[in-house]
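Participant: Structure of the sequence below:
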Amino acid sequence: MYSGHVSVGGPADVRELQRLTISKLAVGPMDNNTYLLRCSATGAQILIDAAAEPDRIMDLVGAGGLVGIITTHRHHDHWSALAEVHDRTGAPIYAHVEDAPGIDVPIEFPIHEGHVITFGNCALATIHLVGHTPGSLVLGYDDPTGHTHLFTGDCLFPGGVGRTWAAQDFDSLYDGVLSKVFQRYDDETWVYPGHGSDTILGNERPHLVQWRERGW
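Facilitator: Purely as a prediction, here's the structure:
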């Protein structure tokens with residue numbers, strides 16, 4: 001049974017939805033999560049954050065290859081394996097247009113909020129959040145037979161929003177998470193962050209006021 005708990009050097013945790021398989025792998029010295037999504041109908045695979053350890057990522061990808069690599073934001077720990085995974089798969093790279101200049105690998109698809117990324121019969125919606133970086137992305141898969149699944153990068157974790165370095169950045173990120181995530185999606189929405197364990201919005205919603213008051 002999928003738990004969402006992974007550790008660097010350990011196996012991937014695999015979640016089988018009716019139309020999508022999600023494999024979560026922890027990699028690198030900063031314990032980053034990388035996610036491989038596979039369309040069940042077509043086998044098309046897309047990777048979220050080629051963070052580190054390209055050999056382990058390629059083992060996860062296997063013979064199925066990739067139709068795309070999405071980088072959630074420009075911080076190096078989320079794309080240190082990007083060039084090698086790109087070279088070995090030929091998969092095009094997606095990142096938000098505001099963060100693309102900070103990623104040292106050519107971005108074939110600089111995207112804006114609302115862009116839909118398709119792979120096989122599956123699709124990911126894009127949400128743009130400002131605060132952790134200028135161009136952070138949250139990616140949403142709406143399971144037609146269940147609830148929504150959000151891949152939040154470093155914007156939302158169990159216990160709070162992502163790290164910011166100025167009060168105005170916190171305000172921007174908090175307000176974006178509130179309006180674009182908590183006010184849009186229900187409590188059963190699953191959250192897959194860029195580091196650490198998963199959560200659901202219902203576990204975090206009661207603490208929103210506390211997050212605002214503490215400022216982080």
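Participant: Quick check: phi and psi at residue 170.
Facilitator: The phi/psi pair for residue 170 (degrees, to the nearest 10) reads phi -60, psi -50.
Participant: quick one: pLDDT of it?
Facilitator: The pLDDT attached to residue 170 in the predicted structure is 98.
Participant: Which secondary structure state is assigned to the nearest residue to it once chain neighbours are set aside?
Facilitator: Residue nearest to residue 170 in three dimensions, not counting chain neighbours: residue 164, with 4.3 Å by Cβ to Cβ, 6 or more residues apart in numbering. No exception for glycine: its C-beta is placed from N, CA and C like everyone else's. At residue 164, secondary structure determined by DSSP: H, G, I helix; E, B strand; the rest coil is coil.
Participant: buried residues in stretch 4-23?
Facilitator: 4, 6, 12-13, 15, 17, 19-23 (16 or more other Cβ atoms under 10 Å).
Participant: Report the mean per-residue pLDDT for that stretch.
Facilitator: When pLDDT is averaged over stretch 4-23, the result is 98.
Participant: Can you give me the end-to-end span of that stretch?
Facilitator: 9 Å (Cα to Cα, to the nearest Å).
Participant: again, but for stretch 194-213
Facilitator: With Cα to Cα applied, stretch 194-213 spans 24 Å between its terminal residues.
Participant: can you check stretch 180-188 too?
Facilitator: End-to-end distance (Cα to Cα), stretch 180-188: 16 Å.
Participant: Also stretch 148-167?
Facilitator: Stretch 148-167 stretches 30 Å from its first residue to its last (Cα to Cα).
Participant: can you check stretch 201-216 too?
Facilitator: Using Cα to Cα, the gap from the first to the last residue of stretch 201-216 comes to 17 Å.
Participant: Run the chain-centre distance for it.
Facilitator: Computed by Cα atoms, centre = their mean, to the nearest Å, the chain-centroid distance of stretch 201-216 equals 21 Å.
Participant: ok, of the buried residues of stretch 4-23, which one's closest to residue 72?
Facilitator: Proximity to residue 72 was ranked across those by Cβ to Cβ; first place goes to residue 22, at 15.1 Å.
Participant: Verify the stated contact: that closest one with residue 149.
Facilitator: Yes. At 7.1 Å, residue 22 and residue 149 qualify as touching, with contact defined as Cβ atoms under 8 Å.
Participant: list the residues that contact both of the two?
Facilitator: Common neighbours of residue 22 and residue 149, counting by Cβ atoms under 8 Å, 6 or more residues apart in numbering, are residue 192.
Participant: returning to that earlier point: can you tell me which of the buried residues of stretch 4-23 is nearest residue 188?
Facilitator: Using Cβ to Cβ, residue 17 is the member of those that sits closest to residue 188, with 13.4 Å.
Participant: ok, and the closest non-adjacent residue to the closest one?
Facilitator: The shortest distance from residue 17 to any residue other than its chain neighbours is 5.5 Å, reached at residue 143 (Cβ to Cβ, 6+ apart).
Participant: count of residues packed around the one you found?
Facilitator: 14 (other Cβ atoms under 10 Å).
Participant: repeat for the one 3 residues further on
Facilitator: Burial of residue 146 is recorded as 14 neighbouring residues (other Cβ under 10 Å).
Participant: Provide a list of residues in contact with it.
Facilitator: 17-18.
Participant: Dihedrals phi and psi, it?
Facilitator: For residue 146, the backbone dihedrals are phi -160, psi -140 (criterion: degrees, to the nearest 10).
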